[in-house]
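# fold the stuff below for me.
(one chain, ligands or ions: 1)
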Amino acid sequence: MFFLLIVVILTTYALFQYQLMRKLPPGPIPFLFFGNFPHLFYYCVRKGGFAKALREIQKSYGDVHTLWLGPMPFVNLCTFEKAKELMVNQGHTQLGRFTAPFIRLNQTDEFGKTWGIISSTDETWLEHRRFALHTLRNFGMGRNLMEGRIIEELDYQLNELDQRMVDGKAEILVAKLTDLIVGSVINRLLFGYRFDPPRREYFFKIKTRMERMINNTTPLDFMIRDWWKYVPLLSWRLNTIHEAIDPIIEYVRENIKRRKEELKTGEYVLGEEPEDFIDAYLIEQKKRGTDLGEMTAQGLLVDLHDLWLAGQETTSVTLQWALHLLLRHPTVMKKCKEEILRETSGNRNLSLNDRQTTPYFVATCTEVQRHASILNFNLWRTTNGPSSIDGYDLPIGTLTTAQISLILSDPETFKQTQEFDPSRYLNENGKSLFEKTIPFGIGKRSCPGESLAKAEIYLILGNILTRYNITPSETNPPKGIASLLSVGHRPNRFSAVFEKIEI
Ligand code: HEM
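Down below sits the predicted model:
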């Protein structure tokens, strides 16, 4: 009887899977429950990474194909043209979001509603995204005001580095420097303070756990469900993820609590103009009075969590890749330095206004982002309206994604795609290549932090290059990636020798 029941369940499941397969673009035949994980892992190990595994599948099934994340199918868009066709031309139908349950753990309240910007949908998403963009713009995102904030954090951390130098030199762990600068920029925007020495211990504790989690997160973790906590072996995996993610939400909660207490005691006064994101949110709540709509306390908690999480790890890893690549390509580093120094004469900071007159360095920053391609798997959207691609009408709720790792390494668009070559953006084809380099995604749910991140990369990298001669460490040079099986693409931690340029 039991055996019969199992057979009936499996057959029904297989039929359901088969029905769905017929409605979606072709792809490798999925296994029951495990979908295409066996294909992905097989190619990942054989070819050396998930981006290469996805490329193998694209070669067999085309630029638009279906892959199954365990029991969930998703439509994978592998070229810029296909991504544009669905995410831009039919962008209003691709507004939903699927994020892995382990990402949603701290974004969802006890009633099952998902808050914040990254994982929310519908009105909640629209309102929180608009509010975040509006607030970041008011803080100067994309304008000179933001430049001042970035340079201040850079100066603070570099002054400290200078003080540690012996004979004008110091060997440093690059990730530690980029984490502190980028972490301080976003932390000041959100909470109003930087990571100075007394505040560093807790910051690095969170970062280390987060980094370990990202390195250990494989696509298999997308199968994690909340009920795993009741199953002995499975709960171990869920607990390790909680260990990494919970301190972030605790950190955010503490910051909000402290601000509210300070406001109560009069230690902190809310001005007309907000000093940071918490202020901006509290001012908006005050304006709304009793009818808060979507701007609830939970909304504030998750917005801050999302912006803190998304706003630093990505940019810091990109800067690590930048130095990793420049150390391995000293002629590119030399050309960047020469161009920047020609502009600034070595006696002022590089500014965002210099972008027009530093084309080689702008091309280098873009090539860094293309080559680094920090996400093997992009986030997924879900269809919220009638849409079609390659003659397939996608059922509402279908998972779709513009697969950035494939788009950025598309050999048709980027010739000799494995080469690190900024000059590809400077020939007659360059303008079109800039347009097709989309590390921040494409369409209405693309990254709202794009201009902040681009400003950080340009200013932090450019000004470090003008102040120091940088060479690889003898004992810990740039070498290899942190994890082959991770959904992220980050370099192993490496060190470099910074030698102050005396002017
Ligand atoms: C080099 C740095 C960064 C990269 C490569 C990056 C990349 C991305 C990508 C690929 C997405 C998903 C887009 C999609 O759905 O296709 C995304 C979403 C997002 N990013 Fe970034 N990002 C970076 C920096 C930032 C910064 C600095 C912030 C915050 C200030 C930020 C906040 C967000 C948020 C909130 C979302 C979710 C957007 C939504 O669902 O509407 N990111 N980012």
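# neighbours of the residue lying closest to residue 333 once chain neighbours are set aside, how many?
Counting by CB to CB, 6 or more residues apart in numbering, residue 333 lies nearest to residue 326, which is 4.1 Å off, once chain neighbours are set aside. For the C-beta atoms, the positions are set from N, CA and C on the backbone; glycine is no exception. By other CB atoms under 10 Å, the residues close to residue 326 number 24.
# looks like residue 326 contacts residue 336 (just checking).
Yes - contact criterion CB atoms under 8 Å: residue 326 and residue 336 qualify, at 7.3 Å.
# list the residues that contact both of these two?
By CB atoms under 8 Å, 6 or more residues apart in numbering, residue 326 and residue 336 have these common neighbours: 364, 465.
# for the one helix or strand the residue nearest to residue 333 maps to, what is the average pLDDT?
Residue 326 is located in helix 297-328, with elements delineated by DSSP states H and E. Per-residue pLDDT over helix 297-328 has a mean of 96.
# for stretch 487-503, same thing?
Mean per-residue pLDDT for stretch 487-503: 92.
# for it, list every residue counted as buried.
487-492, 494-500 (16 or more other CB atoms under 10 Å).
# for the stretch 1-150 of the chain, list the residues in contact with the ligand, please.
97, 117-118, 129 (CB under 6 Å from any ligand atom).
# show me the contacts for the closest residue to residue 79 other than its chain neighbours.
Closest residue to residue 79 apart from its sequence neighbours, by CB to CB, 6+ apart: residue 63 at 4.7 Å. Residue 63 sits next to 77-79, 81-82 when contact means CB under 8 Å, 6+ apart.
# give me phi/psi at residue 63?
Backbone geometry at residue 63, expressed as degrees, to the nearest 10, gives phi -70, psi -20.
# now do the same for it: its pLDDT.
Residue 63 carries a pLDDT value of 97.
# returning to that earlier point: name all residues that make contact with the residue nearest to residue 333.
When contacts are counted by CB under 8 Å, 6+ apart, residue 326 is found next to 332-333, 336, 364, 465, 470.
# out of those, who's the most crowded?
Highest neighbour count within the contacts of residue 326, by other CB under 10 Å: residue 364, with 30 neighbours.
# give me the distance between that one and the ligand.
Counting by CB to the nearest ligand atom, to the nearest Å, the separation of residue 364 from the ligand is 15 Å.
# what pLDDT is listed against that residue?
98.
# re the thing from before, for the residues of the stretch 1-150 of the chain next to the ligand, which single residue is the most surrounded?
Counting by other CB under 10 Å, top hit in these: residue 117 with 27 neighbours.
# wait, doesn't that residue sit right on residue 303?
Yes - between residue 117 and residue 303 there is a contact at 6.3 Å, judged by CB under 8 Å.
# please enumerate the shared neighbours of the two.
Listed as contacting both residue 117 and residue 303 by CB under 8 Å, 6+ apart are 128, 132.
# okay, the angle between the longest helix along the chain and helix 297-328?
Ranked by number of residues, the top helix in the chain under DSSP state H is helix 232-265. Angle of helix 232-265 versus helix 297-328, following axes from the mean of the first three to the mean of the last three CA atoms, to 10 degrees, is 110 degrees.
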